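Colleague: Just a sequence and a predicted model for now, questions to come.
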Amino acid sequence: MPMYQLLSGPGVQFDAARFNWLGSMAYSNGTVYTWHASGVNSIEDAKKKEVVLGGSGTTSDSHIFPTMMNYLLGTKFKVIHGYQGSKDIHLALERNELMGRGGNSWASLTGSNQQWLDEKKITLLVQIGFEKEREIPDVPLLIDLAKTEKDKQVVTVITLPTALGYAHFMAPGVPADRVAALRKAYAETMQDPQFLETGKKRNMVIRPQSGEQIEALVKKAAATPKPVLEETAKILGWADGNISLQ
């Protein structure tokens, strides 16, 4: 939502920088990967031939990440939209109808498709986040591949949703003492042994961030120069009204 607002998404009637952020339960880097039968095993390979990926709409990471890589790195990703979600995209991969996918989070991969990783069915080309996932230190961060300061600012904007993760907030105008009480309760829940044990049983990633941390991230992104935001929207095709949820 903060990124959508910053890039002047249609219908926006809110200012995310004014939200009262309570915290975030977890975050996990986004990924772009190719299927083993695609013949594309590196970013350099993806620069040499068209790579067909599955997507679920121009506002989804499945569109945003590959499109940004095409702009920054000269890759030749072609995103086919219309898939309803991960299940449909993954089925198409296994049928060799697609060559890869952009946007799936590392936590989702390890939680639902660990077998792909164990059997080397996919090749991770890049990860989107501000710090590398501990388990995949050799997979480059997109922000590290950006060559200019402006390009790094553009990548920072699209990395914001990944950094925020599964965040919760309250509307502007809630009394400060109430916000403080809820932030405290939220933080205590993230440390609750029963809550953590339940998350472990369900193979869920718990990486809490405080309301103050989330607020700082959003405000930093909100301070991005307008020309950079306009450039980002143009790269993604949003500036021309080319926005679809599917």
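Modeller: Received it, and whenever you're ready, just let me know what you need. Numbering: from 1, shown residues only.
Colleague: going forward, measure contacts between C-alpha atoms and count neighbours the same way
Modeller: OK.
Colleague: Surely H168 and L22 touch.
Modeller: Yes. Contact criterion CA atoms under 8 Å: H168 and L22 qualify, at 5.6 Å.
Colleague: Of the two, which one has the most company?
Modeller: Between H168 and L22, counting by other CA atoms under 10 Å, L22 is the more crowded of the two (26 against 17).
Colleague: what bridges to L124?
Modeller: Beta-bridge partners of L124, counted by DSSP bridges, are Y33.
Colleague: separation between it and I43?
Modeller: L124 is 10 Å from I43, where distance means CA to CA, to the nearest Å.
Colleague: T224 now?
Modeller: Relative to I43, T224 is positioned 28 Å away (CA to CA).
Colleague: could you pull out the helices for this structure?
Modeller: Assigned by DSSP state H, the helices in the chain fall at 2-6, 43-48, 61-73, 86-94, 106-112, 114-118, 142-145, 149-164, 176-189, 193-201, 211-222, 226-236.
Colleague: who has more neighbours, L124 and I43?
Modeller: Neighbour count, other CA under 10 Å: between L124 and I43, L124 has more, with 23 against 17.
Colleague: correct me, but the more buried one touches T31?
Modeller: Yes. In terms of CA under 8 Å, L124 counts as a neighbour of T31; the distance is 6.9 Å.
Colleague: so what secondary structure elements neighbour the lowest-mean-pLDDT helix or strand in the chain?
Modeller: Ranking every helix and strand in the chain by mean pLDDT, DSSP states H and E puts helix 2-6 at the bottom, with a mean of 85. Packing partners of helix 2-6 (3 or more CA pairs under 8 Å, 6 or more residues apart in numbering; DSSP states H and E): helix 149-164.
Colleague: Before we move on, what's the pLDDT of the residue positioned nearest the centre of the chain?
Modeller: Centroid-nearest residue in the chain: T162, 4.0 Å away (criterion: CA atoms, centre = their mean). On pLDDT, T162 comes in at 90.
Colleague: need the contact list for it.
Modeller: Y27, S28, N29, G30, I128, G129 (CA atoms under 8 Å, 6 or more residues apart in numbering).
Colleague: make it 7 Å
Modeller: Y27, S28, N29, G30, G129 (CA atoms under 7 Å, 6 or more residues apart in numbering).
Colleague: Narrow these to those that are buried.
Modeller: Among these, the ones that count as buried by 16 or more other CA atoms under 10 Å are Y27, S28, N29, G30, G129.
Colleague: Restricted to strands, list these.
Modeller: Secondary structure from DSSP state E places G30 of the buried ones among the contacts of T162 in strands.
Colleague: want to throw the buried ones among the contacts of T162 into CSV with pLDDT and distance to L93?
Modeller: Shown next, in CSV, are those (pLDDT from 0 to 100; distance: CA to CA, whole Å):
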residue, pLDDT, distance to L93
Y27, 92, 25
S28, 94, 22
N29, 96, 21
G30, 96, 18
G129, 94, 24
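Colleague: All set, thanks.
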